[in-house]
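Undergrad: 3D model of this:
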Amino acid sequence: MNGQEKTFMNDKVFFDTNILVYLYDKSEAKKGVIARQLIQEYGANGSMVLSTQVLQEFYVTVTKMGQRMLTKEAASEIVNDLSEFPLIQVNKSIIVRAMKRHQTKMFSFWDSLIVEAALQAGCSTLLTEDMQDGLVIDAMTIQNPFRK
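TA: From the prediction side, this is the model:
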């Protein structure tokens with residue numbers, strides 16, 4: 001994990017969208033290598049967790065006109081494959097908690113949804129580069145795996 005603290009092998013690790021996107025972003029080759037290692041490690045041991053929001057954001061990001069990384073068909077296949085990992089369905093209770101978290105002005109609404117989905121899944125770690133590295137929320141730590 002790039003010299004950072006390792007999570008225990010049985011701990012659940014939530015992956016934010018940006019980790020998945022870097023697998024296909026040719027302009028970020030170093031981050032792509034790190035993302036691939038993380039997915040291989042945590043995917044193989046069953047501790048990788050995603051949400052429906054992450055899959056939706058991934059699809060939109062990698063198929064976006066002007067910076068398309070994948071065809072819509074290829075992205076659909078990848079989303080289908082990724083949906084085999086433990087998947088948190090964004091539901092009413094997650095949305096309500098995300099709205100309350102957003103009202104504290106600590107996170108955007110979309111990041112609040114990510115945080116709440118990760119907490120709902122019982123994750124000890126949330127991997128993202130979009131939030132404060134090292135921040136602890138309840139028993140979960142936000143980690144930026146690309147931090148130098």
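Undergrad: contacts, neighbours, all on C-alpha from now
TA: Noted.
Undergrad: Spatially, and excluding backbone neighbours, which residue is closest to S51.
TA: I88 (4.4 Å; Cα to Cα, 6 or more residues apart in numbering).
Undergrad: give the contact list for that neighbour.
TA: For I88, the contact set (Cα atoms under 8 Å, 6 or more residues apart in numbering) comprises V49, L50, S51, T52, A117, Q120, A121.
Undergrad: Give me the pLDDT value at the residue positioned nearest the centre of the chain.
TA: In the chain, the centroid-proximal residue (Cα atoms, centre = their mean) is D16; its distance is 1.5 Å. On the pLDDT scale, D16 is placed at 98.
Undergrad: Tell me the spatial nearest neighbour of it, not counting adjacent residues.
TA: D16 sits nearest to T128 (Cα to Cα, 6+ apart), 5.3 Å away.
Undergrad: now the nearest residue to V136 once chain neighbours are set aside: how far from F15?
TA: Nearest non-adjacent residue to V136, counting by Cα to Cα, 6+ apart: I142, 6.3 Å away. Plainly put, I142 is 10 Å away from F15 if you go by Cα to Cα, to the nearest Å.
Undergrad: now swap in N91 and tell me
TA: N91 is 18 Å from F15, by Cα to Cα.
Undergrad: before we move on, back to that, what are the phi and psi values at the residue nearest to S51?
TA: phi -90, psi 120 (degrees, to the nearest 10).
Undergrad: Same question for T63.
TA: When read as degrees, to the nearest 10, the backbone of T63 gives phi -110, psi 0.
Undergrad: For it, which residues are in contact?
TA: Residues near T63 by Cα under 8 Å, 6+ apart: M69, L70, T71, K72, A75.
Undergrad: Are there helices or strands packed against the helix or strand hosting N80, and which ones?
TA: Using DSSP states H and E, N80 sits in helix 72-82. Packed against helix 72-82 by the contact rule (3 or more Cα pairs under 8 Å, 6 or more residues apart in numbering; DSSP states H and E) you find helix 52-63.
Undergrad: wait, Y22 sits on L38?
TA: No. Here Y22 lies out of contact with L38, judged by Cα atoms under 8 Å, at a distance of 11.4 Å.
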